[in-house]
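Novice: Let me see the structure of the following:
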Amino acid sequence: MSDPNKSNKQVSKQGGLSSPSPKPSQTAKSESPLSRVHIPVHTVVFTALFLVAGLCHSLARIINPFFDTVLFCIQYGIFFGLILYWILSLRVRLLPSRARTYMVIAGLLMLFFVFLQVVKYRVFTDEQYLLTRYSWYAYYVPVYMIPAMFTFSCIDSFGQPGEEGLLAKKVVMLLLYTVAVAMVVSVMTNDLHHLIFIPKEGVTDFMGQTGTYSHGLLFYMIYVFMFAGMVGGLALLLYQSRRTGGWKDALYFFLFPALWLVLNSLHVLYDLADPDFVLQYPYQFPHIHVFCLIGMFESCIRARLMPSNEDDYSDFFAGMKVPAIITDRNLNVLYHTGEEMPETADAKTLRDSLSEPVRIEEGFTIQGRKLSNALVFWASDERTVDRLNEQLAAANEVLAGENELIEAQNRLKEKRARVETRNRIYARISNRMLPAMKRLSALLDECETDRNQENEELFHTHMAQSLVITAYIKRASNLMLADPGEEVISGRELYLAFEESSRYLAFCGITVQVSNFPAQTMTREAAFSLYTAFEEWMEAWLEVRPEKLRMSVACSGSEIRIMLPERENAPDPGSVVTTPSVAVRSECSEGLMFVTMEVKKA
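Specialist: Predicted structure coming up:
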């Protein structure tokens, strides 16, 4: 926290806040961070240690092997320490965001990169060619992923939360995640496809030695993608800085790609000039790659292209659109936002708000929290909420009166729906029973004719047939009426239908024994179809007028099985039964006829 002497407000002991005096940072244009001449001490120390590590690498050839090992340990100890220091500093200097997470991951990949260099050249031997080859493949994982993390950081830092296009940014990030994972998988599975590194013919124990392989098309495609991603990410940051007025500071970013190009070019020229020179080139390609990327990240942070908290909090806090203040323990204001706190927020109100929110007359709620060395207070404007609550109370009164009307309308709709459902069921029954009712009407007319002609035998025959059809109409209607709210009925309903029909068939000379009807359920439509198919065949038998015909009927699942003695004049069930949803099979064996009626599957 700043010194209390810097405060431009004080809380009055009697109440209210004194008028603030303008802050120097608010009256003059803030100085951009990279335009300051002052260089932080930690940057100087970081650079000096990096130079020391390069010196250790240069002197490795002119000293005996023992000191070569010592210099190697010093060199890589410095590299590991610098990278770890930079990673830890990110957690302190950057605001919590995905961009910070990506940069931390990039730092860990840098550690992994340097570690793989040590393992490949100082641990594994030529005899361990498989481990050496896969450590070489893994070498390219950080090479590919570190630039990808830079691109992810740039995309995440672009725009503000809630802006239009946030969904498009998420889609782009998901696509880039997929491509990055594909790059890693492709390099680690190179042995399966050889699309990145192609071993030359005749090479055995392939370990990635220079001159033993060539690069495939996928290798160049990946590098094009990496270059395009970094350029695209930088373009987003430059566009962001142009909107915020800090684009000049962003130009410092280009110093590090230029430095990377110069150092690598000098490395190549140095090796071409005299590869056996006593002094080695200070840095190898991985070291240049890693620390130039650190420089790129740092230039973006220092230019405020990524959200950081390195600088004074006052500018950031003053730009907030919420009435808030930060005070010391004596309530002397250290920082304040651009919005004024309510005048009635006196010292007592502020101290009370540390334990629980305090509501004041102007429609504000004052809340406070204790920080490590200070106090923070903010005011929540409740006036809009109060106005909405009043409108909501008035609306509730109106709705309470309308609820009774709505309930009455719902009851009327339910009653009307029940009536309409009942009418539809009755209409459906009438339509499906119409053919049977016409047959019944014709039989009753014949009965009337037989009675007028005093033909008692035909009268009894036709009357018995009409009773069979009447039983069918009654029971078929019951099957469609049973449990109208359910799609299934008990097999007991179908059993009772066959039982009643069998009683009236007995008057026509047909004895039906109904048995083995399981208690399982079946659909109403299946039960109606089986019963109708049985009725059609029985009415065909009535036309034949059999004498003393006995049959047994059993039900199993969605089919009925009928067994009866074989008769020459037996009607063919396959042609008589016209119910479309029932399949009929019949066969005769040893003087018996077996008929199966099964509901077709949908």
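
Novice: ok, the closest residue to I222 other than its chain neighbours to L293 distance?
Specialist: Distances taken as Cβ to Cβ, 6 or more residues apart in numbering put M183 closest to I222, at 5.3 Å, once the chain neighbours are dropped. (C-beta placed from N, C-alpha, C; glycine too.) M183 sits 17 Å away from L293, going by Cβ to Cβ, to the nearest Å.

Novice: just M306 next, same as before
Specialist: 14 Å.

Novice: before we move on, back to that, for the residue nearest to I222, grab the count of nearby residues.
Specialist: Neighbour count for M183, taken as other Cβ atoms under 10 Å: 22.

Novice: And for the one 3 residues further on?
Specialist: S186 is flanked by 20 other residues according to other Cβ under 10 Å.

Novice: and what of the one 10 residues further on?
Specialist: Neighbour count for I196, taken as other Cβ under 10 Å: 22.

Novice: Check S430 too.
Specialist: Considering only other Cβ under 10 Å, S430 is surrounded by 11 other residues.

Novice: and it, that's in a helix?
Specialist: Yes. If the criterion is DSSP: H, G, I helix; E, B strand; the rest coil, then S430 is within a helix.

Novice: what's the closest non-adjacent residue to A106?
Specialist: Per Cβ to Cβ, 6+ apart, closest to A106 is M149, 3.8 Å.

Novice: residues in contact with the one you found?
Specialist: Listed by Cβ atoms under 8 Å, 6 or more residues apart in numbering, the contact partners of M149 are Y102, M103, I105, A106, L109.

Novice: how close does the closest residue to I510 other than its chain neighbours get to P580?
Specialist: Using Cβ to Cβ, 6+ apart and skipping residues adjacent in sequence, the residue nearest I510 is L549, 4.8 Å away. Separation of L549 from P580 (Cβ to Cβ) stands at 27 Å.

Novice: E448 too?
Specialist: 34 Å.

Novice: Among these two, which residue is more densely surrounded?
Specialist: When neighbours are counted by other Cβ under 10 Å, E448 and P580 differ, and E448 comes out ahead with 12 against 8.

Novice: Work out for me the element the more buried one sits within.
Specialist: E448 belongs to helix 383-452 when assigned by DSSP states H and E.

Novice: Show me what that helix is packed up against.
Specialist: Secondary-structure packing of helix 383-452 (3 or more Cβ pairs under 8 Å, 6 or more residues apart in numbering; DSSP states H and E): helix 456-481, helix 524-544.

Novice: Quick check: buried residues in the shortest one?
Specialist: Translated: helix 524-544. By 16 or more other Cβ atoms under 10 Å, the buried positions in helix 524-544 come out as 524, 526-542.

Novice: What is the subsequent helix or strand relative to it?
Specialist: strand 549-556.

Novice: just the angle between that following strand and helix 524-544, please?
Specialist: Our comparison of strand 549-556 with helix 524-544, counting by axes from the mean of the first three to the mean of the last three Cα atoms, to 10 degrees, yields an angle of 170 degrees.

Novice: mind listing what's buried in strand 549-556?
Specialist: For strand 549-556, by 16+ other Cβ under 10 Å, it's L549, M551, V553, A554, C555.

Novice: Relative to D191, how far out is the residue nearest to A106?
Specialist: 26 Å.

Novice: Point to the helix or strand of this protein where mean pLDDT is at its lowest.
Specialist: helix 24-27 (a mean of 38; mean pLDDT, DSSP states H and E).

Novice: could you give the mean pLDDT of the following helix or strand past that helix?
Specialist: Using DSSP H and E, the helix or strand that follows helix 24-27 in sequence is helix 41-58. For helix 41-58, mean pLDDT rounds to 86.

Novice: counting contacts, what elements does helix 41-58 pack onto?
Specialist: Looks like helix 41-58 contacts helix 65-93, helix 285-302 (3+ Cβ pairs under 8 Å, 6+ apart).

Novice: contacting residues around that helix?
Specialist: 71-72, 74-76, 78-79, 81-82, 85-86, 89, 279-284, 287, 291.

Novice: tell me the angle of it relative to helix 285-302?
Specialist: Using the same axes, to 10 degrees: helix 41-58 against helix 285-302 is 170 degrees.

Novice: Now do helix 41-58 against helix 65-93, angle only.
Specialist: Using the same axes, to 10 degrees: helix 41-58 against helix 65-93 is 160 degrees.

Novice: List the buried residues of helix 41-58.
Specialist: F46, L49, F50, A53, G54, C56, H57, S58.

Novice: Format the residues you listed as a markdown table; extra columns: distance to G229.
Specialist: As requested, those are arranged in a markdown table below (distance: Cβ to Cβ, whole Å):
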| residue | distance to G229 |
| --- | --- |
| F46 | 27 |
| L49 | 30 |
| F50 | 26 |
| A53 | 29 |
| G54 | 29 |
| C56 | 34 |
| H57 | 31 |
| S58 | 34 |
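
Novice: of those, closest to R416?
Specialist: F46 (82.7 Å; Cβ to Cβ).

Novice: how close does the closest one get to R475?
Specialist: F46 sits 96 Å away from R475, taking Cβ to Cβ as the criterion.

Novice: distance of P573 from E587?
Specialist: The value you get for P573 to E587, if Cβ to Cβ is used, is 11 Å.

Novice: These two: who's more crowded?
Specialist: Using other Cβ under 10 Å as the criterion, P573 and E587 rank with P573 on top: 22 against 9.

Novice: Any buried residues in stretch 434-449, and which?
Specialist: Applying 16+ other Cβ under 10 Å to stretch 434-449 flags A436, R439, L440, L443, E446, C447 as buried.

Novice: no, scratch that, I was asking about stretch 374-391
Specialist: A374, L375, V376, F377, W378, A379, E382.

Novice: what does the average pLDDT come to for that stretch?
Specialist: 83.

Novice: Show me how far that stretch is from its chain's centre.
Specialist: 35 Å (Cα atoms, centre = their mean, to the nearest Å).

Novice: Could you give the separation between the terminal residues of it?
Specialist: Criterion Cα to Cα, to the nearest Å; first-to-last residue distance in stretch 374-391 is 40 Å.

Novice: which other residues reach stretch 376-384?
Specialist: 322-327, 341-342, 345, 350, 353, 357, 359, 362-369.

Novice: Same check on stretch 477-495?
Specialist: Under Cβ under 8 Å, 6+ apart, the answer for stretch 477-495 is 421, 425, 428-429, 432-433, 497, 514, 517-524, 527-528, 530-531, 555.
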